[in-house]
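Colleague: Provide a 3D model corresponding to the input given below.
(2 chains)
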Amino acid sequence: MEKLDVPQGTLDLMILTILSREPMHGYGISQKLAALSHDTFQVNPGSLFPTLYRLEQDGKVKAEWAPTENNRNAKYYKLTAAGKKQLERHRERWERIQFAITGVLEGA
Amino acid sequence: MTLLRRLASVARWVLRRKRVEQELQEELQAFIDISAAQKIRDGVEPAEARRLATLELGGVEQTKERVRSFRHGGLIDQFSRDLRYAIRTLAKQPGFTLVVVLTLAMGIGANTAIFSLFDALMLRWLPVEKPQELLLLNMQPTDAREPGQTLSYAIVKGLAEHSEIFEGVAGFSGFPLDVGPAGTVTTQNGAIVTGGYYSTLGLNAVAGRLLAEEDDRPGAPPVAVLSYGYWQREFAHNPGAIGQSIPLNGVPVTIVGVSPRGFVGANVGNIADITIAAAALPQIAPDAAPLLAPGNFWLRALVRPGSDISIDETNARLAALWREIGDRVIAPHWPASRRKSMADAVFSLTPGGTGWTFLRGTYEKPLLVLMAIVGVVLLIACANVASLLLARASARRREMAVRLAIGASRRRIIGQLLTESLLLAFSGAALGIAMAWLSARFLVATISSGPFPFPVMFDLTPNWHTLGFTAGIASITALLFGLAPAFQITAVRPSSVLVDGSRGSSRSRLLPSLVSFQVALTLVLLITASLFVRTLHNLQTLDIGFNREGVFVAGLEGRRTAVSSDVLAAVLQAPGVLSASLSTHTPLSGSYWSEPAVPAGQPLPDGDTALFVGAGPSYFETMQTPLVAGREFTERDSAQAGAVALINEAYAARFFPKQNPLGQGLSARVRGQLRDLEIIGVVKNTNAVGLRRPPRSTVYVSYAQLTGDFPTTLSVRTSGSLGQSASSIQKVLREKLPNSPVQVQPISRQVQAQMVQERMMATLASGFGILALLLACIGLYGLLAYRVARRTREIGIHMALGAERKRVTAMVLSGAARLVAFGILLGLPAAWAVSRWIEELLFGLKPTDPATAGVAIALLMIVSLVAAYLPARRASRVDPMIALRHD
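Modeller: Numbers count the residues shown, from 1 in each chain, chains lettered A, B, ... in the order given. Got it, this is the predicted structure:
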């Protein structure tokens, strides 16, 4: 199936959601995103890392270095309290958008 | 996130840059490692797994660059990296950097200097409360061609009494005052103001109080307000100065206060150190008391309109008020026609927040022309710098190709090159501001030597106007000279440059067109400069009707009656004195006197028909004004003898056409008295009121036969050294007239003062013209030298095939000639347009003077051929063997 780019403005939401389950490193996030979206979304590292750095700067995620299962040190990202709040807000908004779009598509 | 936290975050990211960079590197490496490990577990060959993982990341450097640009402070960070890189690059080429910075400093400095003068004269707000609200009152009687800004004392007072239109009315005029006790009298710039002056401007005293309405009533005790600067200089900030008495024109006047720092009056350029109320004039300067009469128009008025009244409403109310009070304030002795034209006068209000100065009228156009000239010089400098950068660009093609190949975006490289240009422009600007600061002072000193009764002074300390202007032109300059090379340099396909290794084959067409453009602009400046130089020359060699060399004048101001004859006798005894004479006025002194005078038998008109001069014996001998007929005044033309007069040729031509005026009678009003005069001589015309104006009809009357009050000037013709003569005359006068400040100066200074504006334009325009010529030649030389260097191989082949050295030289020179010719063709119409624009500043020649243009073109061609000759000679010296072995 053809892979799609992540829709504008939703990458934050997806990254925060993934991180809300467990802390994860960059490669892990990209794999998880592909797996959870049934291989529909393709996020290239050139977009992923800038977004992660921005979230870190804004205090939504925190990062620390920890060993992976293969004993390779990697930078793990973890949600902060502010990140959790942001996630809730984004999620709520996204659900409203979804509800609205569904309404339009089915009502027409 | 709060602003503070955001800033802290920016700071952290900028400061911890190194660690962040390292961490980013490690993180991306980890990405590859983990991804590869995953692939190996899935059964991919280790080497292939690594390759795929690296591809997946899609370029370590590009990802890093994106992360950098996304984070806070990314731009600052990027800019500071570019700046450091630019500093390193430029420091490696100190010669190139120095030439560019100096070129820009001259261009930008010249612009800043002229602009700071323009700003001080035209744009700066008065340091008063809400200056933008202030309006200047204009009045246009029906017989006037345009609105005038001078008003009578009665009109200003009349308007000030009606507070329902204006919150305040401030009348003011500059007025010199003789300050100090007898023996140490100095003349200071002062101002005469109406009672509402300070309250209208919204100023408060620094010490004591300022003038108020009660000081401007007839009979009020005379009081003075000092400027802050004068208080500082003369009283060392001593608050005890308030209440002290200071002799003004010999009259004790009480100092009541000090005006705020920085405020030196509403008369821009004419600093008022001592300010007195108009009503004090009869006491302080009795001879100037007639100024208060309704017939004298000498005050300018700034008004502050009421806050809730629209401008139309204000004008309407003003017109209504004028109908009401006009009759009361118009001079009652004026003829009915003139009174009618005054009564129907129209008032208008123009923005007044920048104060008033007559210098604006004189210098607005010249300063605009100078702004244009320095703008063109800056354009030429930009073109030069651009061609230097373009030439350097081809040397940097390889560097750029490598950077593009390893993944730098074109935008980033252009940004980096523009950072370099900005650095150059702002270094030039910093140096330029220093140069401007010095030269603007020199310009003000030049203007100050003009025909003004006071020194012209401006506040030229850089303010946000001038600094903003300089920063603005520096940025525009950087874009102008940096953009084209930046685009050209990055428009390369990395592969072609890196593979064929050498210089790209595309020849820039930008460089030669820049040179032609420079030639065109230079031609415009040269033609402009020679028009100004010839204007000055025409004025200097103008026959002005008297010999300006060897004559000294001393204004005996303060004495308004006849000077006793022993003063003259004593002066005649001084060494080197050939002749001396007393007169009421001297040519080009800036003041003159006019009266009605017509041939006897005709009715005397209301208006003045001639300039009048009261002249003593030997006046024309002293001035060396040729006598056309009859005789000049002698000792016999005394108060007891019959009243006599001389006329000039202009008067004779107007009132005695084709007649012999000698022995005929004149009826005239002389200082208020009706007199019958007998014409005893005719003299040549003199340019008494200005060099550019045609001589006016003039009647000379005998100094000894004058009555009432009149000014006196002593004129002395001397032989020998000017300095010695001046000091011996000064010594005699000081002994004879101890109570007057006497200033002896050559009359040639009065003549020179008439040409200050023209001299300034001639000097500056030719200075900038030469600078432009020099820059254009450097540009041409640079282009040809660069071309010859690039075409060494081609020239070598030509010569190997038998071309003579002469032919090679001719080839390079003809290339140069084509560029110059194209520039001249481009420049001529522009020069034509410019010379039409400056027509009003010229004298004695047509703006489209073919000789002027011819000289400028010839000069340009000769100098550019000289500049082209050096590279041409180098081309002809190319050794074919060496050239062919070269790369």
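
Colleague: relative to residue B:668, how far out is residue B:593?
Modeller: 12 Å (Cβ to Cβ, to the nearest Å). All C-beta atoms are positioned from the backbone trio N, CA, C, and that covers glycine.

Colleague: contacting residues around the residue of the stretch 601-750 of chain B found nearest chain A?
Modeller: At 70.3 Å from chain A, residue B:692 is the closest residue in the stretch 601-750 of chain B, using Cβ to the nearest Cβ. Residue B:692 sits next to B:539, B:843 when contact means Cβ atoms under 8 Å, 6 or more residues apart in numbering or on different chains.

Colleague: so it, which of the three states?
Modeller: coil (DSSP: H, G, I helix; E, B strand; the rest coil).

Colleague: neighbour count winner among residue B:593 and residue B:668?
Modeller: Legend: neighbour count by other Cβ atoms under 10 Å in any protein chain shown for residue B:593 and residue B:668, higher for residue B:668 (23 against 16).

Colleague: wasn't the more buried one part of a helix?
Modeller: No: going by three-state DSSP, the assignment for residue B:668 is strand, not a helix.

Colleague: report the buried residues of stretch B:228-248.
Modeller: Buried residues in stretch B:228-248, defined by neighbour count with 16 or more other Cβ atoms under 10 Å in any protein chain shown: B:228, B:229, B:230, B:231, B:234, B:235, B:241, B:242, B:246, B:247, B:248.

Colleague: identify the farthest-apart pair in those.
Modeller: B:228 and B:247 (21.4 Å; Cβ to Cβ).

Colleague: got the residue ranges for the strands in chain A?
Modeller: In chain A, strands defined by DSSP state E lie at A:4-5, A:24-25, A:41-42, A:61-67, A:73-79, listed in chain order.

Colleague: how far away from the center of its chain is the helix or strand where residue B:786 lies?
Modeller: Element membership for residue B:786, per DSSP states H and E: helix B:756-790. Relative to the centre of its chain, helix B:756-790 is centred 22 Å away, using Cα atoms, centre = their mean, to the nearest Å.

Colleague: packing partners of that helix?
Modeller: helix B:94-118, helix B:358-395, helix B:410-448, helix B:510-540, helix B:805-837, helix B:850-876 (3 or more Cβ pairs under 8 Å, 6 or more residues apart in numbering or on different chains; DSSP states H and E).

Colleague: and the angle from it to helix B:510-540?
Modeller: 150 degrees (axes from the mean of the first three to the mean of the last three Cα atoms, to 10 degrees).

Colleague: list the buried residues of the lengthiest helix in chain A.
Modeller: Criterion DSSP state H: the longest helix present in chain A is helix A:81-107. For helix A:81-107, the neighbour count (16+ other Cβ under 10 Å) marks A:83, A:86, A:87, A:90 as buried.

Colleague: which one of these sits closest to chain B?
Modeller: Using Cβ to the nearest Cβ, the buried residues of helix A:81-107 come closest to chain B at residue A:86, 11.1 Å.

Colleague: could you check the pLDDT of that closest one?
Modeller: pLDDT, residue A:86: 90.

Colleague: got a list of what it touches?
Modeller: Neighbour list for residue A:86: A:12, A:16, A:60 [criterion: Cβ under 8 Å, 6+ apart].

Colleague: top of these by number of neighbours, please.
Modeller: residue A:60 leads the contacts of residue A:86 on contacts (other Cβ under 10 Å) with 24 neighbours.

Colleague: any idea how far that residue is from residue B:23?
Modeller: Where residue B:23 is concerned, residue A:60 sits at a distance of 18 Å (Cβ to Cβ).

Colleague: hey, which helix or strand in chain B has the poorest pLDDT?
Modeller: helix B:494-500 (a mean of 61; mean pLDDT, DSSP states H and E).

Colleague: quick one: buried residues of stretch A:52-70?
Modeller: A:52, A:53, A:54, A:55, A:56, A:57, A:58, A:60, A:61, A:62, A:63, A:68.

Colleague: report the two of these separated the most.
Modeller: So for the buried residues of stretch A:52-70, where distance means Cβ to Cβ, the most widely separated pair is A:58 and A:68, at 26.0 Å.

Colleague: so which of the strands of chain A is nearest residue B:727?
Modeller: strand A:61-67 (87.6 Å).

Colleague: mind listing what's buried along the helix holding residue B:786?
Modeller: So for helix B:756-790, counting by 16+ other Cβ under 10 Å, buried means B:756-762, B:764-766, B:768-788.
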